[in-house]
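Asker: the sequence isn't on hand, but the structure is:
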């Protein structure tokens, strides 16, 4: 137990010496103390200066549009199912009408949203990849 305390005291002394040496070398080089604010400032200056921000912002907008479309597709699909069930019910009651005229508008909206969300996924991937490199 006594040896353990001696080792801990020696490690603390070595660590304190390193901190003093580090502070002295930083002061001699004219560097400021490292803290969270200075790290964030450095991050904004160095990292974001290398990132093409217009690609990043366009990717963020496309990601937002993709999210909205992702929530819209199930809603429109539900409307399509409702229209199909209503058409089937009308047909079972003996009513004659053009089913395609009832279903096609909803089906085209579902198709357009699905294709658009797929293209947005591709666009988001490309834009964020460009921003990263």
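Answerer: On my side now, so go ahead. All of these numbers come straight from a predicted model, not from anything done at the bench.
Asker: C-alpha only now, for contacts and for neighbours.
Answerer: Will do.
Asker: and the longest helix seen in the chain, what's buried?
Answerer: Across the chain, the helix with the greatest residue count (assigned by DSSP state H) is helix 53-92. For helix 53-92, a neighbour-count test (16 or more other CA atoms under 10 Å) marks 55-56, 59, 62-63, 65-66, 69-70, 73, 76-77, 79-80, 83-84, 87 as buried.
Asker: cool, and stretch 121-133?
Answerer: Buried residues in stretch 121-133, counted by 16+ other CA under 10 Å: 121, 123, 124, 127, 128, 131.
Asker: between the residues you listed, which is nearest residue 49?
Answerer: residue 131 (11.1 Å; CA to CA).
Asker: so for the closest one, what's the pLDDT?
Answerer: Residue 131 carries a pLDDT value of 82.
Asker: so how far is residue 53 from it?
Answerer: According to CA to CA, to the nearest Å, residue 131 and residue 53 sit 7 Å apart.
Asker: could you do residue 92 as well?
Answerer: When distance is defined by CA to CA, residue 92 is 58 Å away from residue 53.
Asker: pLDDT-wise, which helix or strand of this structure ranks last?
Answerer: Lowest by mean pLDDT, DSSP states H and E among the helices and strands of the chain is helix 48-50, with a mean of 71.
Asker: check contacts around residue 107.
Answerer: If you count contacts by CA atoms under 8 Å, 6 or more residues apart in numbering, residue 107 has them with residue 80.
Asker: recalculate using a threshold of 10 Å.
Answerer: By CA atoms under 10 Å, 6 or more residues apart in numbering, the contact list for residue 107 reads 76, 77, 79, 80, 81, 83, 100, 113.
Asker: mind putting the residues you listed in a markdown table, pLDDT and distance to residue 22 included?
Answerer: What follows is these, written out as a markdown table (pLDDT from 0 to 100; distance: CA to CA, whole Å):
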| residue | pLDDT | distance to residue 22 |
| --- | --- | --- |
| 76 | 94 | 63 |
| 77 | 94 | 64 |
| 79 | 94 | 67 |
| 80 | 94 | 69 |
| 81 | 94 | 69 |
| 83 | 92 | 73 |
| 100 | 88 | 78 |
| 113 | 94 | 59 |
